[in-house]
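S.K.: Below: sequence and its predicted model.
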Amino acid sequence: MEHFLYNTKNAFALARAREAAKPQQEPAHNPLVYYGKSGSGKTHLLRAIADALSATCGRHAVFYGNTEQFLQTGTRSENGVESAKYQACCLDDLHLCANNFPLQEKLLCFLDACLHGKRQVVCACSGQPDANRGFSDSLRSRLELGLIVELKSPDLEVRMRFAQSQGTRHGINLTREHMLLLARRCEDLRFLSDALQQIAAHARLTEGAITRQDIEHILKNSGGHGPVTPQDIIRRVAHAFSLSPEEITSKTQKPPLVFARQTAMYLCREILGVSYPALGQLFGGKDHSTVIYSIKKIKQYLFAHKNAHTKITELTQVCMQRSD
């Protein structure tokens, strides 16, 4: 929770998050719902709450994910999803269930079970949930039983601090001029985080100091399109190796295809920071140890073949361009 950056305009939102992050006999606000514009830090705050609860209750006792991911976990009963396995639940992207009324019915059953069992539920939603016409009256009424809090967009000061903290985390040396440039050009934290990941990937591949021109180039390629996804990287790596995305994610073990697959895993990890288990799922349900081995092989290859840096750097630049 201490890593969530804020100023006075989000002090109330953070105070309520700190309450929710402490296991209580009866939660003060249940459910606690955060809403705000994209990039306002909702997911970051929700993850911080989940981490704090996990530290007390145990990792497997707290669910963190979006509504669709939650409904794919655990066991199901006639009334929907069995909630007893979780002591707390942090549901992200609540708006994904708008106009999906069967999904909302299952979610309602879960919310009722949590409310009766006095289990903390924290949700994040893009847009004010009580005004969302895609939500049923029943779902809106359940959400209004708790507290709905707006998370306001971060201002320049917060974005500067975010750039500094993430730069330190990624091990990149950013000057004040660099951080100011990033904070001014990236008005939301999601875009800023994406840009910083790409800068870190560029710094690791070129093994040189970051310049203003490097940042300008990355921001130019990042503007006006959607965020880069693992699927974008897989598609672009497949094209570079004259393969199909399906071949990249298949279980075929032909050496040229294996190398392309390992390269795609490496770039997903370097550019987006995708976790090893998530990469395993993306690449045909592989074990996380296989993913770790694959990424290690590419790092060894780059170390042993210095000329490979050029090709991988060029491919990284292609992969870092935001999707159309």
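M.R.: Looks like it came in fine.

S.K.: ok, the residue nearest to the spatial centre of the chain to residue 66 distance?
M.R.: For the chain, the residue nearest the mean C-alpha position is residue 43 (7.1 Å; C-alpha atoms, centre = their mean). Counting by C-beta to C-beta, to the nearest Å, the gap between residue 43 and residue 66 amounts to 10 Å. Heads up, the C-betas are built off the backbone N, CA and C, glycines and all.

S.K.: quick one: common contacting residues for the two?
M.R.: Residues touching both residue 43 and residue 66 by C-beta atoms under 8 Å, 6 or more residues apart in numbering: residue 92.

S.K.: Who are the packing partners of the top strand by length along the chain?
M.R.: Longest strand in the chain by number of residues, with DSSP state E as the criterion: strand 120-126. In terms of contacts (3 or more C-beta pairs under 8 Å, 6 or more residues apart in numbering; DSSP states H and E), strand 120-126 is packed against helix 11-20, strand 32-36, helix 42-57, strand 88-92, helix 101-116.

S.K.: now for these, which one comes closest to residue 297?
M.R.: Residue 297 lies closest, by C-beta to C-beta, to one member of the helices and strands packed on strand 120-126: helix 42-57, at 30.5 Å.

S.K.: Can you pull the phi and psi angles for residue 148?
M.R.: Main-chain torsions, residue 148, degrees, to the nearest 10: phi -110, psi 120.

S.K.: what do you get for residue 212?
M.R.: Its backbone dihedrals place residue 212 at phi -60, psi -40, with angles given as degrees, to the nearest 10.

S.K.: tell me the contacts of it?
M.R.: Residues counted as contacts of residue 212 (C-beta under 8 Å, 6+ apart) are 177-178, 181.

S.K.: for the record, mean pLDDT for whichever strand or helix holds residue 158?
M.R.: In this structure, residue 158 sits in helix 156-170 according to DSSP states H and E. Taken as a whole, helix 156-170 has an average pLDDT of 87.

S.K.: Convert it to PDB, retaining C-alpha atoms only.
M.R.: Presented in PDB, the C-alpha positions along helix 156-170 are these (Å, rounded to 0.1, in the frame of the first residue of the first chain):
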ATOM      1  CA  LEU A 156       1.900  16.000 -13.000                       C
ATOM      2  CA  GLU A 157       3.500  15.700  -9.500                       C
ATOM      3  CA  VAL A 158       2.200  12.100  -9.100                       C
ATOM      4  CA  ARG A 159       3.200  11.100 -12.600                       C
ATOM      5  CA  MET A 160       6.800  12.500 -11.900                       C
ATOM      6  CA  ARG A 161       7.000  10.400  -8.700                       C
ATOM      7  CA  PHE A 162       5.700   7.400 -10.600                       C
ATOM      8  CA  ALA A 163       8.300   7.700 -13.300                       C
ATOM      9  CA  GLN A 164      11.000   8.000 -10.700                       C
ATOM     10  CA  SER A 165       9.900   5.000  -8.700                       C
ATOM     11  CA  GLN A 166       9.400   2.800 -11.800                       C
ATOM     12  CA  GLY A 167      12.700   3.900 -13.300                       C
ATOM     13  CA  THR A 168      14.400   2.800 -10.100                       C
ATOM     14  CA  ARG A 169      12.500  -0.500 -10.100                       C
ATOM     15  CA  HIS A 170      13.500  -1.200 -13.700                       C
END
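
S.K.: Show me what it is packed up against.
M.R.: Using 3+ C-beta pairs under 8 Å, 6+ apart, helix 156-170 is in contact with helix 176-185, helix 189-206.

S.K.: Return the most buried member of these.
M.R.: Across the helices and strands packed on helix 156-170, the average number of neighbours (mean count of other C-beta atoms under 10 Å) peaks for helix 189-206, which reaches a mean of 21.

S.K.: I'd like the mean pLDDT over the helix or strand that that one is followed by, please.
M.R.: Using DSSP H and E, the next helix or strand after helix 189-206 towards the C-terminus is helix 212-222. Averaging the model's pLDDT scores along helix 212-222 yields 82.

S.K.: buried stuff in helix 212-222?
M.R.: With burial defined by 16 or more other C-beta atoms under 10 Å, the residues of helix 212-222 counted as buried are 214-215, 218-219, 221-222.

S.K.: Is it possible to get JSON lines of those that adds distance to residue 50?
M.R.: Converted to JSON lines, these look like this (distance: C-beta to C-beta, whole Å):
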{"residue": "214", "distance to residue 50": "34"}
{"residue": "215", "distance to residue 50": "32"}
{"residue": "218", "distance to residue 50": "30"}
{"residue": "219", "distance to residue 50": "31"}
{"residue": "221", "distance to residue 50": "33"}
{"residue": "222", "distance to residue 50": "28"}
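
S.K.: Tell me the one of these nearest residue 126?
M.R.: residue 222 (20.6 Å).

S.K.: State the pLDDT value of residue 126.
M.R.: Model confidence at residue 126, given as pLDDT, is 86.

S.K.: Quickly list what it is bridged to.
M.R.: Each beta-bridge partner of residue 126 is listed here: residue 36, as defined by DSSP bridges.
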